[in-house]
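Asker: I would like the atomic coordinates for the input below:
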Amino acid sequence: MIAFYPIKPIYSQKILTGEKTYELRKRLPNEHIDYILIYSTYPVAKVVAYAKIKATHKEKIDAIWNMVSLFAGINEHDYKNYFGNNDFACAIEFEYVRRFKRPFDVKEIKPNFKVPQSFCYIPKKDFNRIKRRKTENV
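Answerer: Numbering: from 1, shown residues only. Below you'll find the model as predicted:
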């Protein structure tokens, strides 16, 4: 499966520089995901990259922090604020990231595509078409 993730520009930029190799979330998709499309939210508002997923993790908040603190592109204070009173944290570990040489609008995925609040699944045929765009390694 392929998932589409909107990510704040401060964090998507860290993914594009290689500083951030884990995406943190409060929940994981129900389906196993192989790739994610990375959408940098407003003011960028473009699909900027895709990532091959190495693994997903769901553990107690402190356990995830100990595992990802050097690779999550976030400080501990903001991390704890994000997860608040949750018992568990989730992390999506990237195997590799490919940056699009020309980021693009979501309408190029499908004309009526709407950016989700959390994530959504992308059909494999659409992802295969997107993967043909010119990219570079992060």
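Asker: gap between the lengthiest strand in the chain and the chain center?
Answerer: Counting residues, the longest strand in the chain under DSSP state E turns out to be strand 88-104. Centroid separation for strand 88-104 versus its chain: 5 Å, with C-alpha atoms, centre = their mean, to the nearest Å.
Asker: Going forward, count from 615.
Answerer: Renumbered: residue one is now 615, and that last one reads strand 702-718.
Asker: May I see the buried residues of it?
Answerer: A703, C704, A705, I706, E707, F708, V711, R712, R713, F714, P717 (16 or more other C-beta atoms under 10 Å). In this view, the C-beta of every residue, glycine as well, is placed from N, C-alpha and C.
Asker: what does stretch 718-734 give?
Answerer: V720, I723, F727, F733, C734.
Asker: Just the ones of those residues in strands?
Answerer: C734.
Asker: between the buried residues of stretch 718-734, which is closest to P620?
Answerer: Proximity of the buried residues of stretch 718-734 to P620 (C-beta to C-beta) peaks at F733, which lies at 7.6 Å.
Asker: how much space between that closest one and E645?
Answerer: Counting by C-beta to C-beta, to the nearest Å, the separation of F733 from E645 is 11 Å.
Asker: Could you pull up phi and psi at the residue lying farthest from the centre of the chain?
Answerer: Computed with C-alpha atoms, centre = their mean, the maximum C-alpha offset from the centroid of the chain is found at N699, amounting to 22.6 Å. Per-residue torsions, N699: phi -90, psi 10 (degrees, to the nearest 10).
Asker: what about the strands in the protein?
Answerer: Counting by DSSP E, the strands of the chain are 616-621, 636-639, 649-654, 660-674, 702-718, 734-736, 749-751.
Asker: Reformat the ones you listed into a markdown table and put distance to A686 next to each item.
Answerer: What follows is the strands of the chain, written out as a markdown table (distance: least, C-beta to C-beta, whole Å):
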| stretch | distance to A686 |
| --- | --- |
| strand 616-621 | 12 |
| strand 636-639 | 5 |
| strand 649-654 | 15 |
| strand 660-674 | 11 |
| strand 702-718 | 7 |
| strand 734-736 | 23 |
| strand 749-751 | 20 |
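Asker: Alright, calling it a day.
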